[in-house]
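Undergrad: Next one to model:
(one chain, ligands or ions: 2)
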Amino acid sequence: MSSLPTVATVIGSGTMGPGIAATLARAGSTVRLYDISEDAIARAEAAYGVVQGVLEAVDSPSAPGGSVTFGTDLDAALAGTELIIEAVPEKLELKQKVFADLEARVGDDVIIATNTSGIPISTMAKSLTVPGRLIGMHWSNPPHLIPMIEIIPGEATDPTLVDKLAEIVKAFNYVPVIEKEIPGFVENRVLYAILRECMALLEEGIVTPEGLDAAVKWGIGYKLSVVGPTRLLDMAGLDIYQAVSSYLNKDLDNSTDTPQFIKDKIAAGELGFKSGAGMYEYGEGDVDAKRKEIITGLIAARKTLSTIPNV
Ligand SMILES: NC(=O)c1ccc[n+]([C@@H]2O[C@H](COP(=O)([O-])OP(=O)(O)OC[C@H]3O[C@@H](n4cnc5c(N)ncnc54)[C@H](O)[C@@H]3O)[C@@H](O)[C@H]2O)c1
Ligand SMILES: Cc1ncc(C=O)c(C(=O)O)c1O
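TA: Numbers count the residues shown, from 1 in each chain. Ligands and ions are numbered 1, 2, ... in the order given. You can find the predicted model right below:
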C-alpha cells in the first residue's frame, strides 16, 4: 500500500507550491493548492500543463486518481487533508500566523510540513498548539525536478513523523535525507558557502559572471553531480586536501552579511528573472528563453544521472 496521503494540501502557490502539488498529484494524491492571492492561483493554473509535461519527461512516478485543485478558500483546501505542506514566504511571523490559521481548522493528527529554507523548526513550533506535528520538508527548486528532499525534525517533532515522511518521499521516488536541525539545514549551508565565495570573487573583480558560471558548471558542478564531496576527497587524496586547505581556508571569504553590490542591485529593483535584470541583463523574451533552457538542461541531466550508479 502506498504511503502517500490520499489528500494533501499545499499552502502558497509561488515559486515552489505548484511543482510540489503537481509531483504529489502525479504520484496519486488528491492535492489542494491554496494561496491568499487570486493572481498566484491563476498563474499556477496557467502553468500547470507545462509542469505536468516536465514530470512526464522525467518519468516521475504516476498513479491514477491524483489531481490538483486550485483555490483561495482555505476551508475547502483543508477538507479531509492528511498532510499540509506550507510554502509561504520565508518570514517567521508570517509562517507562524499561517500555522495558527491551519491549526484552528484541522484535527490534531494532521501533519504540517514546512518548506522553509532554513528557519529552525523548533523556533517555528513554539507557536503551535500541537508542536509535535511540525516537521521540516525542504524541497529544492524547481521542486518537480530536483529529486531530493531534506527532512528536519525539530526538538518537539513527534519522532514517528520522520520515518512516515521519508516513506511518503520515497513513494514519489525522491531521495529523503534525514538531518538534524541547524540553521540553513545541509543543502543551503553548502550552497551558501559556495555563493559567499562566488559573490566575493565577483565583488573583487577576480572573474566575470560568465567566467564564474563556466568555472563552477564545468569544474565542481559537473564533477559533484556524479561524485559527492566525501567521495571526491577520496578521489583527490586526503593529503592533497590537507595541503591545500592549510593555506587556502584562511584566505576564503568569511563575511557575515550580504555583499554590498547585491544590496545595491536589490535597491535598484534588480532581483533577477522576476524583474528582468539581476546578475545579468535580460531583453524582451530572454527570461522565458533562459527558463526553458534551464528546465531542458535539468531534464536531460536528471535522465542521464539516473542511469549512473551512486558512487
Ligand atoms: N524559491 C526557492 O528557490 C525555494 C527553494 C526551497 C525552499 N523555498 C522556501 O519555500 C517557501 C516558499 O518560497 P517561494 O519561493 O515559493 O515563495 P514565493 O514568494 O514565490 O511564493 C509564496 C506564495 O505564498 C503566498 N502567500 C503569502 N502569504 C500567504 C498566506 N498567508 N497564505 C497562503 N499563501 C500565502 C504568496 O501569495 C505567494 O504566492 C519559503 O519558505 C522559501 O524559503 C524556496
Ligand atoms: C539561492 C537559493 N536559496 C535557497 C534555495 C532553497 O532553499 C535555493 C534552491 O532551492 O535552489 C536557492 O537557489
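
Undergrad: Please count neighbours and contacts with C-alpha atoms only from this point.
TA: Fine.

Undergrad: can you list the residues of the chain near ligand 2?
TA: Listed as neighbours of ligand 2 in the chain under the rule CA under 6 Å from any ligand atom: 117, 140-141.

Undergrad: Contact partners for the one residue in the chain that gets nearest to ligand 1?
TA: Nearest residue of the chain to ligand 1, counting by CA to the nearest ligand atom: G14, 3.2 Å away. Applying CA atoms under 8 Å, 6 or more residues apart in numbering, we find G14 in contact with 40, 44, 87-88.

Undergrad: With G65 instead?
TA: 28-30.

Undergrad: same thing but at 7 Å, please
TA: Residues near G65 by CA atoms under 7 Å, 6 or more residues apart in numbering: G28.

Undergrad: where does it land on pLDDT?
TA: Here the pLDDT value assigned to G65 is 92.

Undergrad: How about the one 4 residues further on?
TA: Per-residue confidence for T69 comes out at a pLDDT of 98.

Undergrad: Please identify the helix or strand for E293.
TA: helix 286-305 (DSSP states H and E).

Undergrad: Could you export that helix as PDB, CA atoms only?
TA: Taking C-alpha atoms only, helix 286-305 is exported to PDB below (Å, rounded to 0.1, in the frame of the first residue of the first chain):
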ATOM      1  CA  ASP A 286      15.200  36.400 -22.700                       C
ATOM      2  CA  VAL A 287      13.900  35.400 -19.300                       C
ATOM      3  CA  ASP A 288      11.400  32.900 -20.900                       C
ATOM      4  CA  ALA A 289      14.100  31.500 -23.100                       C
ATOM      5  CA  LYS A 290      16.600  31.100 -20.200                       C
ATOM      6  CA  ARG A 291      13.900  29.400 -18.000                       C
ATOM      7  CA  LYS A 292      13.300  27.000 -20.900                       C
ATOM      8  CA  GLU A 293      17.000  26.300 -21.400                       C
ATOM      9  CA  ILE A 294      17.400  25.600 -17.700                       C
ATOM     10  CA  ILE A 295      14.400  23.200 -17.500                       C
ATOM     11  CA  THR A 296      15.500  21.400 -20.700                       C
ATOM     12  CA  GLY A 297      19.100  21.100 -19.200                       C
ATOM     13  CA  LEU A 298      17.800  19.800 -15.900                       C
ATOM     14  CA  ILE A 299      15.600  17.200 -17.600                       C
ATOM     15  CA  ALA A 300      18.500  15.900 -19.700                       C
ATOM     16  CA  ALA A 301      20.900  15.900 -16.700                       C
ATOM     17  CA  ARG A 302      18.400  14.100 -14.500                       C
ATOM     18  CA  LYS A 303      17.800  11.400 -17.100                       C
ATOM     19  CA  THR A 304      21.500  10.900 -17.500                       C
ATOM     20  CA  LEU A 305      22.300  10.900 -13.800                       C
END
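
Undergrad: coming back round to it: need the pLDDT of the residue of the chain closest to ligand 1.
TA: 95.
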